[in-house]
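Visitor: would you be able to build a 3D model of this:
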Amino acid sequence: MEQDVHNKLSATADKYGLDIEGGQVRRSSSRFCFGVEHGDYNGMELFGVGTDRFIWLAFKPNSLGRVRIFSENFPEDGIVDFALGEAVEPAELRDSWARFPHGVELILRREGYELGTGFDAVLYGNIPGGGMSRSASLALNLILTFFEVNGTVVEDGMRIVDLAQMVETDYIGSPCGKLDQIMIYFAKAGMGTYYNPNKGTIDHIPFGGDPDDFRIVSLDTGTKR
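Guide: Numbers count the residues shown, from 1 in each chain. From the prediction side, this is the model:
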């Protein structure tokens, strides 16, 4: 499947004139939480896992000083294209996924990160539209991509989590804790992620046995929230 996705991204880039040849592909997961959700900002300990539903972002730095991204999931939106330093306010993009690249760029600049290099990118995801934190996955993927092309090194994983949370709360306008971002960013194959918000600690707990025998069944009820 990985190679099929990479081929799809490459073909789409060629079709829309985006240069990702010789670039990289970043894959970010989705998550399930076992137990209480929305508990981290109430001091409750959390346990969750990453899943095998992902967002793939194929990208390559460009010399244009622009961010140019096409989404396979929202082709009707065309190429999201803006100059570095010219991300728009969310009201102008209320119904578009383009809020995320704009929001990431704006938040990173606000937080003092220098962004001098843009990039071309194509993304595709197979994460369902609700309940598995597709938005957190996209925000994390984009943050790491902005940092990668600009040579920015952030060693503190919780700082990455905080930035992704800021994108959702301060730009998108979706109040949230850190559960989604933590379970995705810190996910490890064959492990569950245990987060203690009072201590600010992350621990990984093995499932035991063969993790390939472990399955989670998710039902989409179609309920609007």
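
Visitor: pull the distance from the lowest-mean-pLDDT helix or strand in the chain to the chain's centre.
Guide: Least confident element among the helices and strands of the chain, by mean pLDDT, DSSP states H and E: strand 31-34 (a mean of 82). Its chain's C-alpha centre and that of strand 31-34 lie 16 Å apart, by Cα atoms, centre = their mean, to the nearest Å.

Visitor: can you check stretch 17-28 too?
Guide: 15 Å.

Visitor: buried stuff in that stretch?
Guide: Of the residues in stretch 17-28, 18-20, 23, 25-26, 28 count as buried by neighbour count, 16 or more other Cβ atoms under 10 Å. In this view, the C-beta of every residue, glycine as well, is placed from N, C-alpha and C.

Visitor: please name the bridge partners of the spatially closest residue to Val149 that is not a sequence neighbour.
Guide: Spatial nearest neighbour of Val149, chain neighbours left out: Pro61 (4.3 Å); criterion: Cβ to Cβ, 6 or more residues apart in numbering. Beta bridges link Pro61 to Phe119, judged by DSSP bridges.

Visitor: shift numbering so it begins at 33
Guide: Got it, first residue is 33 now, which makes that one Pro93.

Visitor: look up how far Leu116 lies from Pro93.
Guide: 12 Å (Cβ to Cβ, to the nearest Å).

Visitor: now for the two: what residues contact both?
Guide: 149-150 (Cβ atoms under 8 Å, 6 or more residues apart in numbering).

Visitor: in this protein, which spans are strands?
Guide: Along the chain, counting by DSSP state E, strands occupy 56-60, 63-66, 78-82, 87-94, 98-103, 111-115, 150-157, 223-228, 233-238.

Visitor: so the fourth one versus strand 98-103, what angle?
Guide: Relative orientation of strand 87-94 versus strand 98-103 (axes from the mean of the first three to the mean of the last three Cα atoms, to 10 degrees): 150 degrees.

Visitor: then the first one?
Guide: With the same axes, to 10 degrees as the criterion, the two stretches strand 56-60 and strand 98-103 enclose an angle of 60 degrees.

Visitor: same check, this time on the last one
Guide: Between the direction of strand 233-238 and that of strand 98-103, the angle (the same axes, to 10 degrees) works out to 40 degrees.
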